[in-house]
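Undergrad: what's the 3D shape of this:
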Amino acid sequence: MKNLPLVITDDQKELWHRLAPVNRAAATDTYKRTMSGSSDLFADNFSVYTLAARIGLNEEGAHGRYIMAGLEKMLYPWFAEPVTKEEVARAQEFFTKHASVNRFPQSAWQAVLDNNGFIPVDIYALPGGQIFLAKDGKYVPMMSVEGRGALVTHLEPHLENIFAPIIQATKARLFKEAAGSQFAEFGYRSDQNENNHVTLMLALYVGGGFRLTSDDQAVILFPQYFKDIGTVGHEFIMAYQRQGISLEEAQEQAFRDFVQANSRSALLPDVINTMTSGLPAILKLVKEYQGINKVIMPRFDSGDVPAQCIAWKRMTLAAGIPMTKMVVEDGYTPQKAKDTKRLYAEAGFDPDDIIVGAGGYFQQGCLRDAASLVYKRGATMHPGGLERSLKFSDSPGKESIPGSIRIYGKGNTMIVAQAEEEIDGEPLMVKVVENGRIVYGEDLDAQRERVERTWNQYNRIEYSSMTQRIIAERTREREALLNS
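TA: Below you'll find the model as predicted:
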């Protein structure tokens, strides 16, 4: 894992190890192994597969746009270190002797071992932060994987997991446009896997430049990108409740102890009641600590949050405190953030007073089906040369794009072309894996800057003349068959 920008420390290296399969030679769908063990043509001939999102994200403001993210998660666990002889031997022994489907593409995995354990494929991909489109009945593939068929098809289940970071990065951009940079991520508990939440944070950084998070592991792993943010929870205040003192006395003592111990405090006002108890108690502390290097604010996460924000601002102004901040949570989405800030602005106040916190939003709808993400064989080498293939469907919109795909940009248009074509446009794909070795080395700042450059650049998709011709030829052949 040398010379990779997100594998500098031992902890970072351990993260990518833990995201790798236990046995890479076994880590695929059974039907992949079955096909590869049933046909030398399928398994051993050079082939090209295309990875693509076929439909746009169902989010207001997306307009068919996605942000490329997660290349590190796709590449590091599989290609940073060689597949071992033990992995191959274990998979071969089990699948040929003990599995219900006793097929195993032995020659393909021998080619891996002969290549010093590196999977001999080339991968071309859109680089991190590049915008791509799925709209108007067309789509722009994000990746072309090329090599021996059994190995290229073997990678499908893993590579299709890129659906998560591309959706998360895109949602981060949408949230940034709604809430600005005043944002903190609090969704650690929403993720099913602690290590996957680190890669979620990497995607949020690429898409939105978001740094603040309550995920301590993400911060300790990547302190150059993330800053920890954490304050008081309800449990802290509840711990002070006991016989002999009132609820308000317990709340005040909890608030005081926390403020005394911390330079920044975002206090929850709703343990008893926000308007009649919590906010007056917080305001009392704000006034006491004026002129001292303490930041004290409320954190609203229940009830009518916009109304509470407005009430808090009016309370502080009435107390002679012109500058104030507040944190809002409670199932926030970009639309909810816009609505809260709009209502606050309509009351005559600066919406930048509000810091938005969210987490679950980035998990909601984060499914492969949300992007209709697919990985299809577009070409196979035959004695006469590379033969391009097209998958039709009885369901509209499920057709594949044939050939060895490269993507170009020209003006507001993304062009889906063939590798051998000369296109008048800017080449957008880069080689990220060469003969099984990672050759992509951009850090997250370079990827984030690309988002800023390209987010509003493209709104149209064009298939190149050669791509259109191949599709037309296969379509005519199919129509002739259907009409015969």
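Undergrad: What are the buried residues along the least confident helix or strand in the chain by mean pLDDT?
TA: One helix or strand of the chain scores below all others by mean pLDDT, DSSP states H and E: helix 465-483, with a mean of 90. For helix 465-483, a neighbour-count test (16 or more other CB atoms under 10 Å) marks Met466, Thr467, Ile470, Ile471, Arg474 as buried. Using the backbone N, CA and C atoms, a C-beta is placed for each residue, glycine as well.
Undergrad: which stretches of the stretch 251-400 of the chain have low pLDDT?
TA: Along the stretch 251-400 of the chain, no part satisfies pLDDT under 70.
Undergrad: ok, 80 please
TA: For the stretch 251-400 of the chain, residues meeting the criterion pLDDT under 80 lie at 393, 395-398.
Undergrad: Which residue ranges of it form helices?
TA: For the stretch 251-400 of the chain, applying DSSP state H, counting those that start in this stretch gives helices covering 279-288, 305-318, 334-346, 368-371.
Undergrad: Dump these to a markdown table, plus distance to Leu481 and mean neighbour count.
TA: Below are the helices of the stretch 251-400 of the chain laid out as a markdown table (distance: least, CB to CB, whole Å; neighbours: other CB atoms under 10 Å):
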| stretch | distance to Leu481 | mean neighbour count |
| --- | --- | --- |
| helix 279-288 | 72 | 18 |
| helix 305-318 | 60 | 19 |
| helix 334-346 | 47 | 18 |
| helix 368-371 | 30 | 17 |
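Undergrad: Take these and write them to JSON lines, including distance to Gln251.
TA: Formatted as JSON lines, these follow (distance: least, CB to CB, whole Å):
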{"stretch": "helix 279-288", "distance to Gln251": "6"}
{"stretch": "helix 305-318", "distance to Gln251": "17"}
{"stretch": "helix 334-346", "distance to Gln251": "25"}
{"stretch": "helix 368-371", "distance to Gln251": "42"}
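Undergrad: Leu174 and Arg65 touch, don't they?
TA: No. Here Leu174 does not reach Arg65: they are 9.3 Å apart, not a contact under CB atoms under 8 Å.
Undergrad: related to what we said a few turns ago, outside of the least confident helix or strand of the chain, which residues touch it?
TA: The set of residues external to helix 465-483 that reach it, using CB atoms under 8 Å, 6 or more residues apart in numbering, is 388-390, 392, 401-403, 405, 416-418, 420-421, 463.
Undergrad: Return the item of these having minimum pLDDT.
TA: For these, the weakest pLDDT value sits at Phe392, with 86.
Undergrad: hang on, that one packs against Glu399?
TA: Yes. The criterion here is CB under 8 Å, and Phe392 meets it with Glu399 at 5.8 Å.
Undergrad: out of those two, which sits in the busier spot?
TA: Glu399 (17 against 12; other CB atoms under 10 Å).
Undergrad: Of the helices of the stretch 251-400 of the chain, which is nearest Gly149?
TA: Proximity to Gly149 (CB to CB) singles out helix 368-371 among the helices of the stretch 251-400 of the chain, at 22.6 Å.
Undergrad: Give the other helices and strands that the closest one contacts.
TA: Counting contacts by 3 or more CB pairs under 8 Å, 6 or more residues apart in numbering; DSSP states H and E, helix 368-371 is packed against helix 163-179.
Undergrad: and the helix it packs on, what does it pack onto?
TA: strand 65-67, helix 194-208, helix 334-346, strand 354-358, helix 368-371.
Undergrad: That helix vs helix 194-208, what angle?
TA: 50 degrees (axes from the mean of the first three to the mean of the last three CA atoms, to 10 degrees).
Undergrad: pLDDT of helix 163-179, averaged?
TA: When pLDDT is averaged over helix 163-179, the result is 97.
Undergrad: Spit out the contact partners of the closest residue to Leu367 other than its chain neighbours.
TA: Distance criterion CB to CB, 6 or more residues apart in numbering; nearest residue to Leu367, sequence neighbours excluded, is Phe163 at 7.1 Å. Residues near Phe163 by CB under 8 Å, 6+ apart: Ala53, Cys366, Leu367, Arg368, Ala370, Ala371, Leu373.
Undergrad: what do you get for Glu288?
TA: Per CB under 8 Å, 6+ apart, neighbours of Glu288: none.
Undergrad: hang on, Met429 packs against Ser144?
TA: Yes. Contact between Met429 and Ser144 holds when scored by CB under 8 Å: they sit 7.2 Å apart.
Undergrad: Next, show the common contact partners of these two.
TA: Contacts common to Met429 and Ser144, judged by CB under 8 Å, 6+ apart, are Tyr124, Ala125, Arg406.
Undergrad: any idea which of those residues is closest to Tyr332?
TA: The closest of the shared contacts of Met429 and Ser144 to Tyr332 turns out to be Ala125 (CB to CB; 32.1 Å).
Undergrad: Chain neighbours aside, what residue packs nearest to that closest one?
TA: Leaving out its chain neighbours, the residue that sits closest to Ala125 by CB to CB, 6+ apart is Met143, at 4.3 Å.
Undergrad: any idea how far that neighbour is from Ala419?
TA: 13 Å (CB to CB, to the nearest Å).
Undergrad: With neighbour numbers in mind, choose between those two.
TA: More neighbours surround Met143 than the other of Met143 and Ala419, with 23 against 16 (other CB under 10 Å).
Undergrad: what bridges to the more buried one?
TA: Here Met143 sits in beta bridges with Leu51, Ala125, going by DSSP bridges.
Undergrad: For burial, what's the neighbour tally of the closest residue to Asp215 other than its chain neighbours?
TA: Closest residue in space to Asp215, ignoring its immediate chain neighbours: Tyr188 at 4.6 Å, by CB to CB, 6+ apart. Using other CB under 10 Å, Tyr188 is surrounded by 18 other residues.
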